[in-house]
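In: A predicted structure for the sequence below; I have some questions about it.
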Amino acid sequence: MVPRGANLAVLEREPTPKDIMCGLDASGGMPRAIRKETLEVLALARRFNELVVRPGALELDRRKHEEPDYLPWDFVHEANSWGLYTMFIPKLFGGQGYNLPALSYMVEELGSACTGMANLVGVHYLGVATLCSSWNMRLMNKVMRDTVEGEKTGEPCLISLAITEPGAGTDVEEVELVSKATVTCQAKKVPGGYVVNGRKIFISNGHLSTWHMLIAYEDLASPETSTVMLAVRNGMEGFSFGRQERKMGQKGCPASELIFEDCFVPDENVCFSASEAGSMKGSAERVTMQVIDSVVSTSRAGVAGFGTGVARGAYEEALRFASETEVGGKLLINHEWAQCILAEMYKNVAVSRLTYVETNNANGMYGMFKIMQWKPVYYYLKFVPRAVIDRVVQPLLDLPAMTWLFRKVMFEWQKDSDWQCTSGWGSLAKFTATDAGVRNCQLALELMGRAGLRHDRGAEKHLRDSKLLQIYEGTNQLNRLNVFKCFIGRQVPEAQVFED
Amino acid sequence: MGSRIDEELRMLEEMALDFAERELKDRREECDHYPYAPLEENVLEKACDVGFFCMTVPEELEGGAMGVEALSLVLKDISRTDASLAGVIFTTALAQELVLAAGAGSVLAGAPGNGSWRESLIAFPSFDDAAENLGLSAERAGGAGYTLTGKVEYVVLGGLASRALLPAAVPGVDGYSFFLLDLDAEGVRKSEPVLSLGLHSCPAVDLELDGARAALVGEEGLGASYFTDCADRLSIPAAAISTGIMKGCLDEALEYSRQRFQGGREIVNWSELRRILADMATVQATADALVACACVRAEADEPGWRLLARATALQVQAAACDVTTDGIQVLGGNGYMEDYGQEKRFRDAKQVQALLGLVPMRKLEYITRVIEGEPT
Ligand SMILES: Cc1cc2nc3c(=O)[nH]c(=O)nc-3n(C[C@H](O)[C@H](O)[C@H](O)COP(=O)(O)OP(=O)(O)OC[C@H]3O[C@@H](n4cnc5c(N)ncnc54)[C@H](O)[C@@H]3O)c2cc1C
């Protein structure tokens, strides 16, 4: 008989239960109401698709072909009136408080009809996630309540994330590379705030957003130790929009240039700075890494949702085509080979979905969603009257102690194995689902032949839209390297990443 | 003899590359926008003047009397810069070959020589196996004429050429037949150019015909045999377009990755990026070799060249889709933007893969012929 302890010891080996059982671990602790909430989200997304996305997707894409500078304000107003920009903002900050993992289901749904429009909704939550990863409770409250107010007044208030610069894309998405990045967007400390100079490019929803979560650097020669995250609002002096990129796909969602010329950002708009990180346990570099990692761990689950969505959209177009087209004298759907291709496409969708679900489980157990999904907090926020939150809890958010407390829990108490699990799963989901998205689009076009090439059949648009997903939120190569770093390299003491 | 041909091909290659550089390169982005600006008339005129629109037409019909190898070479070299013109040349060549296979070459006489590009081009649904796009029916209409009625989708060059070669069913006759239609004739309705994935300067239209007069090409009911014969031969130039796209893509990827810095070095010096470039380069080189081999065997009429041509097209067109996907990836976000050439190549490669019909059906046809004992 092997002693019980010896059996347990083997569980320390790779792959660790923590990494392979996120779903199992999460299931016990997860509030049951999450399922019902997620169904509500799914139903809403399907109705929104029926009434808004499907009727308008091809038209918007065609219009952008003709008028590249057109901005889809009509769509944004519509999404705003449906409450899509506050759905996943916690009730604590005035939002509707739907659980964040449900966002992936939502963007899958929207993405299956149009990834560009899905981005017009989903990228706003990339901004939200960035803001939240700073755990600056006062600013989170201020900025997100602006979005809530925008819903009431009918003036959409979206949030964007601005990291990428003309000379630095991959480098500023990966903490291990930031030190070598050629960054030019500088935030110089001056009394009362920062003065920002530089440009950000490719910023999704830039022209449509009111708030921009700007990542800049105090010392351009040492960005890894001098990162600052600033909340920049439209209208601040020295801040302006540049050009809108001419993209192959996802044309509905603008990619914008943001220009900063001696733009003064007051201290009260500093979400997070390296000097604040320095005052915490752990180095400034480590905390900065945790901030960036917690953004991408959640946002990559969203991108995996887009990937799953576009994979599904392509599958659905192919299925429709196969069901109504005769080839070689019989319906395509009745050719055995076509059935196997459709099954392969269905599998690509299903597997992609599983990866984002598991990533969200990891984030719920060890990452950003942890606090919100902790049953006492979840049920308190769900059932306590909004007026109590607004009157009693909200004023507390302005206290520095709140920010201190949340940062303590989220950064100082986070173990290495926690961020490895969430970040690793985020990357794995991202490249699995987005590769599957592109693959399904290619298969759909092969199955559909000439019909697949036509804009009016939708499949070619899915293909153009899908390719972007392999690039943003870190290229898929970078995400593969992150999986190596998080799950594989740690098993081999000799392994070094980015030391090629 | 061999060296004379080599010299001719070398000169042809130079001419095609030079043409692409002078006439296509700077207009590429502008011509790619929607609403379509088809290739400027003067480019088409020049292409016509240098003989691109009658390369394989016999000498007695005032054509270039060149083989599939020369055609493939030109299409490849042009596609390195912009595959749209290659699509124009290919579609016309396919229609001309069908006419020739049907023994109706006389209808081509005069057209290439009289210098008008519109008269030289022949519209054709080149993204179909003609048997799968049979929306037209033909009726005999006194004398040698017929009238065509019905709809036919995605007729490439339908908005540019003066004539179209179209498949149609003749009631009471098995199989389908080809007809030559004057696109300005009464009873012809053309749609706007169809907004499509790629090859924007080689646009297609949907046609609706209502008793439009047309001439039978070849014999009634023999359309499929003409098509199979020509699709075998034209599979090689179709593959050549893909090799050209790949070459252009690889060149741009290499150049960009030597200039772009990330992580403190040129990205070409990250070994993962090198691996991707290596994949692209080896696939491109072998695709090139495959097309060259298929050309030689086809020109020599060696047994098995037909199936090799089909296999080459399937293989090389799929490879171009992978290479161009990587081609965007190497450029990161810039690769997705219209300011660079990669996104167009990605779209064009996928579009070109659909030439001559559904990929899975072409594969099944290939293996059926193998099983039936046709030499490989
Ligand atoms: C339409 C669009 C929308 C976007 N939206 C946003 C947004 O909202 N906010 C934002 O901040 N950014 C956004 N981005 C930027 C996006 O995140 C970057 O494009 C992406 O991170 C890649 O950076 P890059 O384009 O500079 O490519 P580069 O970093 O220059 O990469 C070029 C190539 O080199 C490879 N490479 C680089 N470094 C390495 C390495 N160390 N090892 C191996 N290979 C390497 C890359 O994988 C890639 O193949 C968007 C981009 C696009 C195209």
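Out: Sure, I can see it. From a predicted model like this one, the values you see are computed outputs, not experimental measurements. Residues are numbered from 1 along each chain as shown, chains lettered A, B, ... in the order given.

In: Walk me through the domains of chain A.
Out: Domain segmentation of chain A under automatic domain parsing yields A:18-157+A:283-491, A:160-274.

In: just the helices in the stretch 51-200 of chain B please.
Out: B:68-81, B:83-101, B:117-120 (DSSP state H, counting those that start in this stretch).

In: And those: which comes nearest B:Ala287?
Out: helix B:68-81 (10.0 Å; C-beta to C-beta). Quick note: C-beta positions are derived from backbone N, CA and C, even for glycine.

In: now for the closest one, which elements pack on it?
Out: helix B:2-19, helix B:83-101, helix B:223-259, helix B:271-299 (3 or more C-beta pairs under 8 Å, 6 or more residues apart in numbering or on different chains; DSSP states H and E).

In: quick one: average confidence on that helix?
Out: If you average the pLDDT over helix B:68-81, you get 97.

In: B:Ala65: neighbour count?
Out: By other C-beta atoms under 10 Å in any protein chain shown, 14 other residues sit near B:Ala65.

In: Settle this for me: it is touching B:Pro58, isn't it.
Out: Yes: B:Ala65 lies in contact with B:Pro58 (C-beta atoms under 8 Å); the separation is 5.4 Å.

In: Next secondary structure after the host helix or strand of B:Arg345?
Out: Using DSSP states H and E, B:Arg345 sits within helix B:342-353. Downstream of helix B:342-353, the first helix or strand assigned by DSSP H and E is helix B:359-371.

In: could I get that following helix in CSV with only the CA atoms?
Out: Provided in CSV are the C-alpha atoms of helix B:359-371 (Å, rounded to 0.1, in the frame of the first residue of the first chain):
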residue,chain,number,x,y,z
VAL,B,359,-11.8,23.0,-54.1
PRO,B,360,-13.2,19.8,-52.6
MET,B,361,-14.9,18.9,-55.9
ARG,B,362,-11.7,19.5,-57.8
LYS,B,363,-10.0,17.1,-55.3
LEU,B,364,-12.6,14.5,-55.8
GLU,B,365,-12.5,14.8,-59.5
TYR,B,366,-8.7,14.4,-59.4
ILE,B,367,-8.8,11.2,-57.3
THR,B,368,-11.6,9.8,-59.4
ARG,B,369,-9.5,10.1,-62.5
VAL,B,370,-6.6,8.5,-60.6
ILE,B,371,-8.8,5.6,-59.5
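
In: Is there proximity between it and chain A?
Out: Yes: for helix B:359-371, a contact with chain A is found by C-beta under 8 Å from any C-beta of the partner chain, at B:Val359, B:Pro360, B:Met361, B:Leu364.

In: which residues sit in contact with the second one?
Out: With contacts defined as C-beta atoms under 8 Å, 6 or more residues apart in numbering or on different chains, the neighbours of B:Pro360 are A:Trp337, A:Ala338, A:Ile341, A:Glu446, A:Leu447.

In: And the fourth one, how far from chain B?
Out: I take that to be A:Glu446. Going from A:Glu446 to chain B by C-beta to the nearest C-beta, to the nearest Å gives 4 Å.

In: B:Gln353 is in contact with that residue, correct?
Out: Yes: if you go by C-beta under 8 Å, A:Glu446 and B:Gln353 touch, sitting 7.1 Å apart.

In: which residues are in contact with both of these two?
Out: With C-beta under 8 Å, 6+ apart, A:Glu446 and B:Gln353 have common neighbours B:Val359.

In: Of the two, give the one with the bigger neighbour count.
Out: B:Gln353 (27 against 22).

In: ok, the more buried one - contacts?
Out: Counted by C-beta under 8 Å, 6+ apart, B:Gln353 has contacts A:Leu445, A:Glu446, B:Ser242, B:Gln317, B:Ala318, B:Ala320, B:Cys321, B:Val359.

In: and which of those is nearest to the ligand?
Out: Comparing the contacts of B:Gln353 against the ligand with C-beta to the nearest ligand atom places B:Cys321 closest, at 17.7 Å.

In: Helix or strand: which one has the closest one?
Out: helix B:305-330.

In: Run a quick neighbour tally on A:Thr225.
Out: For A:Thr225, the count of nearby residues is 18 (other C-beta under 10 Å).

In: So it versus the ligand, what's the distance?
Out: For A:Thr225, the distance to the ligand equals 20 Å [C-beta to the nearest ligand atom, to the nearest Å].

In: thought that residue was touching A:Ala274?
Out: Yes: using C-beta under 8 Å, A:Thr225 makes contact with A:Ala274 at a distance of 5.7 Å.

In: so B:Ala104 touches B:Gly218, yeah?
Out: Yes: under the criterion of C-beta under 8 Å, B:Ala104 makes contact with B:Gly218 at 5.6 Å.

In: Quick check: closest non-adjacent residue to B:Val43.
Out: Spatial nearest neighbour of B:Val43, chain neighbours left out: B:Glu23 (4.9 Å); criterion: C-beta to C-beta, 6 or more residues apart in numbering or on different chains.

In: Next, the contact list for the one you found, please.
Out: B:Glu23 sits next to B:Val43, B:Lys46, B:Ala47 when contact means C-beta under 8 Å, 6+ apart.

In: Next: B:Arg345.
Out: Taking C-beta under 8 Å, 6+ apart as the test, what B:Arg345 contacts is B:Ala83, B:Ile245, B:Gly248, B:Cys249, B:Thr324, B:Gly327.

In: Now restrict those to buried residues only.
Out: B:Ala83, B:Ile245, B:Gly248, B:Cys249, B:Thr324, B:Gly327 (16 or more other C-beta atoms under 10 Å in any protein chain shown).

In: among the contacts of B:Glu23, who's most crowded?
Out: B:Ala47 (23 neighbours).

In: Would you list the phi and psi of that residue?
Out: Note on B:Ala47: its backbone torsions stand at phi -60, psi -40 [degrees, to the nearest 10].

In: Give me the phi and psi for A:Ser273.
Out: phi -140, psi 160.

In: That one pairs with what?
Out: Beta-bridge partners recorded for A:Ser273 (DSSP bridges): A:Val228.

In: Would you confirm that it contacts A:Thr225?
Out: No: using C-beta under 8 Å, A:Ser273 is not in contact with A:Thr225; the gap is 10.9 Å.

In: Around the residue lying closest to A:Glu324 once chain neighbours are set aside, how many other residues sit close by?
Out: Leaving out its chain neighbours, the residue that sits closest to A:Glu324 by C-beta to C-beta, 6+ apart is A:Leu331, at 7.7 Å. Neighbour count of A:Leu331, defined by other C-beta under 10 Å: 13.

In: what's the answer for B:Arg213, then?
Out: Counted with other C-beta under 10 Å, B:Arg213 comes out at 17.

In: OK, now which residue of chain B is nearest to the ligand?
Out: For chain B, C-beta to the nearest ligand atom, closest residue to the ligand: B:Gly332, 2.1 Å.

In: which residue is nearest the centroid of chain B?
Out: In chain B, the C-alpha nearest the mean C-alpha coordinate belongs to B:Phe90, at 3.5 Å (C-alpha atoms, centre = their mean).
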